[in-house]
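Engineer: Mind looking at a prediction? Sequence and model below.
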Amino acid sequence: MPPDLLWDDVQPLFDPGLTGSLPDLCVPATSTGDWQTLLDLAASGQWRYEYTEGDVASPLPRAEAVFSRPLDAETASLRVWPAPHMLAIFRFYDPTQIDFDVDLREIHGQERLDVFCAFLKTIGQRLGKPVLMDAEGGDPRSHPILGYRVEDDQVAVVHGPLPLRG
């Protein structure tokens, strides 16, 4: 099966000098149930993970419990390693959008790109929603540079907004 993206074609999109080292990724139009699906996916054993509140590691909670915490509670994060030395950090800001970032310095070459694409594809397939990436500080919903496309079941370079699914 051919790769979704070819490193030689997309290498500039993974240049931290152009896009920032921590691009913004999101799954738009989500619910607490979608967050729970993500937590269940992390707990499935496919990836190494760690859930923290502030600097304290804790057992993986239910999504409802995370979003019902007081507004002044420590920041909740889910760190997921799709591969050794490749970290994605999910932040529980809002149940209506799954926000996370990755370090582009950890994604170089075709093999690492394939792992990254498989990670996005797994999330998108499980949720049945697009997974969008934009440059650091950008808004992936309005100006994605690449993303998992549900209708094509692949990760592709994006030339305009992907359709959102609720």
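Structural biologist: Happy to help now that I have it. Residues are numbered from 1 along each chain as shown.
Engineer: same for the longest helix seen in the chain, what does it pack against?
Structural biologist: When the chain is parsed with DSSP state H, its longest helix is helix 110-127. Secondary-structure packing of helix 110-127 (3 or more CB pairs under 8 Å, 6 or more residues apart in numbering; DSSP states H and E): helix 7-10, strand 24-28, helix 32-43, strand 76-83, strand 86-94, strand 131-134, strand 146-149, strand 154-157. C-beta here means a position set from N, CA and C on the backbone, and glycine is covered the same way.
Engineer: Mind doing that once more with 7 Å?
Structural biologist: For helix 110-127, the elements it packs on are helix 32-43, strand 76-83, strand 86-94, strand 131-134, strand 146-149, strand 154-157, judged by 3 or more CB pairs under 7 Å, 6 or more residues apart in numbering; DSSP states H and E.
Engineer: Give the partner strands of the last one in its sheet and their orientations.
Structural biologist: Pointing back at strand 154-157 there. The strands beside strand 154-157 in its sheet (DSSP bridges) come out as strand 146-149 (antiparallel).
Engineer: any idea how far the partner strand is from the chain center?
Structural biologist: Its chain's average C-alpha position is 11 Å from that of strand 146-149, according to CA atoms, centre = their mean, to the nearest Å.
Engineer: so which of the helices and strands packed on helix 110-127 is the most packed in?
Structural biologist: strand 131-134 (a mean of 26; mean count of other CB atoms under 10 Å).
Engineer: any idea how far that strand is from the chain center?
Structural biologist: That offset, for strand 131-134, works out to 8 Å (CA atoms, centre = their mean).
Engineer: What are the buried residues along the lowest-mean-pLDDT helix or strand in the chain?
Structural biologist: Taking mean pLDDT, DSSP states H and E as the measure, the helix or strand of the chain with the lowest value is helix 16-19, at a mean of 76. Within helix 16-19, the residues scored as buried using 16 or more other CB atoms under 10 Å are residue 19.
Engineer: now what about it, what contacts it?
Structural biologist: 12-13, 104-105, 135-136 (CB atoms under 7 Å, 6 or more residues apart in numbering).
Engineer: sorry, back to before: for the helices and strands packed on helix 110-127, which one sits closest to residue 8?
Structural biologist: strand 154-157 (12.8 Å; CB to CB).
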